[in-house]
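Colleague: Sequence unavailable; structure follows:
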């Protein structure tokens with residue numbers, strides 16, 4: 001049966017299928033039909049994603065989502081490509097593997113004094129953001145990216161967490177840490193603060209990562225996120241975000 005996921009405080013219970021819907025709609029800006037059964041075919045009367053096929057697996061269940069008009073032979077070919085796809089993206093089959101997480105418990109390691117370095121960024125921080133990543137101010141400080149959380153060390157931004165995708169129900173994490181500042185806990189501090197801020201809005205914080213992004217997978221686990229779904233989708237052109 002489709003399991004229930006639960007937030008640390010227990011107030012936001014959704015099925016895994018519902019969590020998957022939140023993730024897919026946020027990432028690709030589409031609206032999905034109810035995710036019932038094992039095969040879902042999208043229709044031409046709604047926005048379509050940039051892939052033909054998405055397959056999710058969890059526990060003993062799986063779900064396939066198809067773009068409209070995929071023939072039985074083409075479906076069989078795509079299923080075979082998905083099964084054969086490796087962890088790392090290969091442009092030949094064009095299949096991309098990802099892991100979708102939900103925050104299930106507090107961060108594994110105490111953040112300690114790192115928390116005081118984390119704060120929301122606003123227009124007054126434009127120069128800080130520009131030094132962190134040139135020409136990125138309009139992106140990070142856009143209301144669509146809120147809450148934008150910065151971690152500062154020696155007066156400079158070293159890590160920024162933001163809503164890379166936002167819907168009325170959920171926000172998906174975007175996180176970037178300057179290369180020279182990695183492995184110091186800054187990304188963990190930013191991720192934890194962003195997750196708390198999303199929950200305070202009454203929204204679902206979602207974390208997803210490419211299956212071969214070891215650093216991102218480790219950050220998710222350390223920040224208290226639990227892997228819910230293993231997915232593969234494609235064909236896609238180039239490396240997916």
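Modeller: Here it is on my side, so go on. No experiment lies behind these values; they were computed from the predicted model shown.

Colleague: Tell me the secondary structure at residue 162.
Modeller: strand (DSSP: H, G, I helix; E, B strand; the rest coil).

Colleague: Run through the bridge partners of it.
Modeller: On the basis of DSSP bridges, residue 162 is bridged to residue 174.

Colleague: Can you name the next helix or strand after the helix ranked longest in the chain?
Modeller: Assignment by DSSP state H gives helix 186-200 as the longest helix of the chain. Using DSSP states H and E, the helix or strand that follows helix 186-200 in sequence is strand 204-210.

Colleague: That next one pairs with which strands?
Modeller: Strand 204-210 sits in its sheet next to strand 96-103 (antiparallel), strand 170-177 (parallel), going by DSSP bridges.

Colleague: Which parts of this structure are helices?
Modeller: 16-28, 72-84, 126-132, 137-140, 186-200, 214-222.

Colleague: Comparing those helices, which comes out most buried?
Modeller: helix 186-200 (a mean of 23; mean count of other Cβ atoms under 10 Å). Glycine gets a C-beta too; all of them are placed from N, C-alpha and C.

Colleague: what does the longest helix of the chain rub up against?
Modeller: Applying Cβ atoms under 8 Å, 6 or more residues apart in numbering, the contact partners of helix 186-200 are 7, 103, 107, 109, 111, 114-115, 117-120, 147, 149-151, 153, 158-163, 171, 173, 175, 177, 204-205, 207, 219, 222-224.

Colleague: Return a ChimeraX selection command for the buried portion of these.
Modeller: Those of the contacts of helix 186-200 that count as buried under 16 or more other Cβ atoms under 10 Å are selected in ChimeraX with:
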select :7,103,107,111,114,117,118,147,149,150,151,158,159,160,161,162,163,171,173,175,177,204,205,207,219,222,223,224
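
Colleague: re earlier: between the helices of the chain, which one is closest to residue 60.
Modeller: For residue 60, the closest of the helices of the chain is helix 16-28, at 11.7 Å, according to Cβ to Cβ.

Colleague: What does the pLDDT read for the residue of the chain positioned farthest from its centre?
Modeller: Within the chain, residue 73 marks the point farthest from the mean C-alpha position, 31.5 Å out by Cα atoms, centre = their mean. pLDDT for residue 73: 96.

Colleague: Could you report the separation of it from residue 18?
Modeller: Distance from residue 73 to residue 18, counting by Cβ to Cβ, to the nearest Å: 32 Å.

Colleague: shaky segments in this protein?
Modeller: Where the chain drops to pLDDT under 70, the residues are 1-13, 106-116, 237-241.

Colleague: Mind doing that once more with 50?
Modeller: 1, 3-12, 115, 238-241 (pLDDT under 50).

Colleague: Now do stretch 104-124: distance from first to last residue.
Modeller: 34 Å (Cα to Cα, to the nearest Å).
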